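# turn this into a structure:
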Amino acid sequence: MTVKHLSLEYNKLNEQGTFTSGDTLCGRVIVVTSKETKVQKFLVKAKGKAKVAWTVQDGQAKVVHRNKKKYFYFEHIILQDNNKGDGSEIIRPGRNVYPFAFVIPNVAMPSYYVGKWGKVTYSLRAHLTQSIWLVHKTKTEFPFLTKSEFPFASKSEMIILGLKEQQYATSISFLGSGKVTMNVISEKMGLKQGEAMGVSVEVLNNSACTVTPKFYLCQKQTFVAQSKRTIHTNDILFGTGEAVSAETSQTITTVLSIPPQLPPTFFNSSMMKLEYRLKVTLDVPLARDPEIKLPLVILLGSPQPHQQKPEIHLV
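Numbering: from 1, shown residues only. The predicted structure is shown next:
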């Protein structure tokens, strides 16, 4: 094989390596050949797309629900054999660098996201075709962030102020040996990635049982295809409070820390959305655990630097 190496690189616009609508994505394709190589076509593509797919059992058959959406697609032809015979389709021996540039459309698009049954991806691909039997390919994805500061609702003042308001909820449960009241208070509804807040639970245990509060961060992924919907949920335990003995009351406070890499809440995709809840339960022996759920909106924080890892595949 005369093509020894094929790779893609792009220039970072900021420390995090992220892009958004309206940005210009500049980069280069690097080809290393062992000798003079003639190509039929050599091009680089930029693509933004979303797709979902899941399988359900319908009697004896399996039904696959699929949906996809293309946000943009561009091609830049580097070399092409047009039977001119002028050498324009020849790659010289050694290391060859071919620059390219794409302008990302200045329209609303969701951020890069990978969920259980769907994903939103933004990628660069290079195809070098020597013949119908000999095609070289390489691909790399780049991180895209939506321009919308609040990709889950309108930017009304009421919504923005509501994210900063304290939340409060009460649950009263009747056990076989008495009544248990649980009051939960969270500092606010909206947190940024990497941010922390205090969560308090007041337990009035007028029963003969010992109860233990547990704190969860609940994630809900929703996917839509062909008028069908499926949901994937995931509960992350982030704290267990002190046990509250029978016929006593106690207030327990813990700190909820949002992982910096946890995807933020979003609703700005027609095929998928991501939501969160704060859940507090009381672990009661031999009984159904009472629980309280409060809405939680995770906002985009300071993005972490992106490590570019090109994938190389020679066919």
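# ok, the residue nearest the centre of the chain - contacts?
Central residue check for the chain by Cα atoms, centre = their mean: the C-alpha nearest the mean position is that of Y113, 2.7 Å away. Neighbour list for Y113: K119, V120, P263, F266, M272, L274 [criterion: Cβ atoms under 8 Å, 6 or more residues apart in numbering]. C-beta: built from backbone N, CA, C; applies to glycine.
# what about 6 Å?
Under the criterion of Cβ atoms under 6 Å, 6 or more residues apart in numbering, the neighbours of Y113 are V120, P263.
# can you give me the strands in the stretch 1-150 of the chain?
All strands of the stretch 1-150 of the chain, identified by DSSP state E, counting those that start in this stretch, fall at 3-10, 24-33, 37-38, 41-58, 61-80, 90-91, 94-103, 113-114, 118-131, 134-141.
# of those strands, which is nearest K164?
Distances from K164 to each of these were compared by Cβ to Cβ, and the smallest falls on strand 113-114, at 25.4 Å.
# quickly run through the sheet partners of that closest one, with directions.
When pairing is defined by DSSP bridges, strand 113-114 lines up against strand 118-131 (antiparallel).
# pull the distance from the strand it pairs with to the chain's centre.
When distances are taken as Cα atoms, centre = their mean, to the nearest Å, strand 118-131 is centred 20 Å away from the chain's centroid.
# also stretch 4-23?
For stretch 4-23, the gap between its own C-alpha mean and the chain's C-alpha mean amounts to 19 Å (Cα atoms, centre = their mean).
# give me the domain ranges for this structure.
Following automatic domain parsing, one gets these domains for the chain: 3-149+303-314, 157-299.
# chain center to the longest one: distance?
Right, the one you point to is domain 3-149+303-314. 19 Å.
# likewise for stretch 275-289?
Relative to the chain's own centre, stretch 275-289 is displaced by 27 Å; criterion: Cα atoms, centre = their mean.
# tell me which residues of it come out buried.
Under the neighbour-count criterion of 16 or more other Cβ atoms under 10 Å, stretch 275-289 has E275, Y276, R277, L278, K279, V280, T281, L282, D283, V284, A287 buried.
# cool, thanks, signing off.
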